[in-house]
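Novice: Got a sequence here, can you build the structure:
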Amino acid sequence: MTVLVITGTGTEVGKTVVTAAVAALAVASGRSVAVLKPAQTGVRPDERGDADEVARLAGAVTVRELGRYPEPLAPATAARRSGLPPVHPEEVAEAAAKLAVEHDLVLVEGAGGLLVRFDEAGGTLADTARLLAAPVLLVASAGLGTLNTTELTARELAARELDLAGVVIGSWPDAPDLASRCNLADLPVVAGAPLLGAVPAGVGPLAPDDFRAQAGSWLAPWLGGVWDAEVFTARESAEA
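Specialist: All right, here's what the predicted structure looks like:
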């Protein structure tokens with residue numbers, strides 16, 4: 001795996017923190033890592049974006065943005081309203097491929113979900129993944145409603161013949177409710193792909209050293225960690 005595309009079932013599901021955890025583990029293993037954010041929305045030119053936050057948490061990574069738009073909207077809409085040029089899937093794929101020449105791992109973090117539009121032609125992160133022939137990591141929420149959005153995303157990936165590497169729960173609550181506990185068993189079923197991690201809620205503000213020290217306990221071996229889906233599911237579901 002040289003390029004990994006990271007998408008979510010929607011906004012605010014923990015994509016950036018998951019991206020940072022994956023990057024941190026790769027850096028710790030001695031790999032060179034680049035993080036590509038195709039379109040950053042809702043951030044002014046002088047503010048820190050998602051890629052900057054990944055670098056803060058993960059450490060020595062290369063970061064690159066292709067487009068930045070001030071309003072917190074879908075990239076195509078934000079670009080149109082700002083009068084700035086949009087980002088196109090072909091540009092994203094080209095940038096990722098160039099970064100892959102000089103890095104062991106390139107993480108492409110999307111905005112929102114898989115089919116959020118980059119441009120007026122309808123280009124999406126899914127198109128970028130197809131151009132790169134890259135696996136996709138899906139970040140999902142823990143609670144009620146996540147099974148539907150996860151299965152819809154998985155079906156879209158399958159229809160496009162894209163590889164869904166697995167699902168990571170982006171924000172596992174301190175006190176999970178019944179739906180969250182049950183979803184641990186149901187998420188890999190509806191996704192048709194393994195559960196590859198569960199990141200605890202509220203770890204984003206951790207000091208970088210603490211974040212890096214704990215990241216391995218949140219993610220499965222495929223992502224460089226030691227997290228065990230079977231053990232975690234059995235423990236968390238015991239009271240369901």
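Novice: Strands of this protein, start to end?
Specialist: 3-8, 33-41, 62-69, 105-113, 136-140, 164-172, 195-200 (DSSP state E).
Novice: which parts of stretch 102-112 are buried?
Specialist: By 16 or more other C-beta atoms under 10 Å, the buried positions in stretch 102-112 come out as 103, 105-112. Just so you know, the C-beta spots here come from the backbone N, C-alpha and C atoms, and that holds for glycine as well.
Novice: Check the strands of the chain for me and report the most buried one.
Specialist: strand 136-140 (a mean of 28; mean count of other C-beta atoms under 10 Å).
Novice: what are the pairing partners of that strand, and which direction each?
Specialist: The strands that strand 136-140 pairs with in its sheet are strand 3-8 (parallel), strand 164-172 (parallel) (by DSSP bridges).
Novice: Let me have these in a markdown table, adding distance to residue 147 and mean pLDDT as columns.
Specialist: What follows is the strands paired with strand 136-140, written out as a markdown table (distance: least, C-beta to C-beta, whole Å; pLDDT from 0 to 100):
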| stretch | distance to residue 147 | mean pLDDT |
| --- | --- | --- |
| strand 3-8 | 15 | 98 |
| strand 164-172 | 11 | 98 |
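Novice: okay but residue 237 is in contact with residue 187, surely?
Specialist: No. Residue 237 lies out of contact with residue 187 (C-beta atoms under 8 Å); the separation is 12.0 Å.
Novice: neighbour count winner among those two?
Specialist: When neighbours are counted by other C-beta atoms under 10 Å, residue 237 and residue 187 differ, and residue 187 comes out ahead with 27 against 16.
Novice: Now do the same for that one: its pLDDT.
Specialist: With respect to pLDDT, residue 187 scores 98.
Novice: What of the one 4 residues further on?
Specialist: Residue 191 carries a pLDDT score of 98 in this model.
Novice: Pull the number of nearby residues for it.
Specialist: For residue 191, the neighbour count with other C-beta under 10 Å is 22.
Novice: Next up, the contacts around the residue lying closest to it once chain neighbours are set aside.
Specialist: For residue 191, ignoring the flanking residues on the chain, the nearest one in space by C-beta to C-beta, 6 or more residues apart in numbering is residue 154 at 4.6 Å. When contacts are counted by C-beta atoms under 8 Å, 6 or more residues apart in numbering, residue 154 is found next to 138, 164, 190-193.
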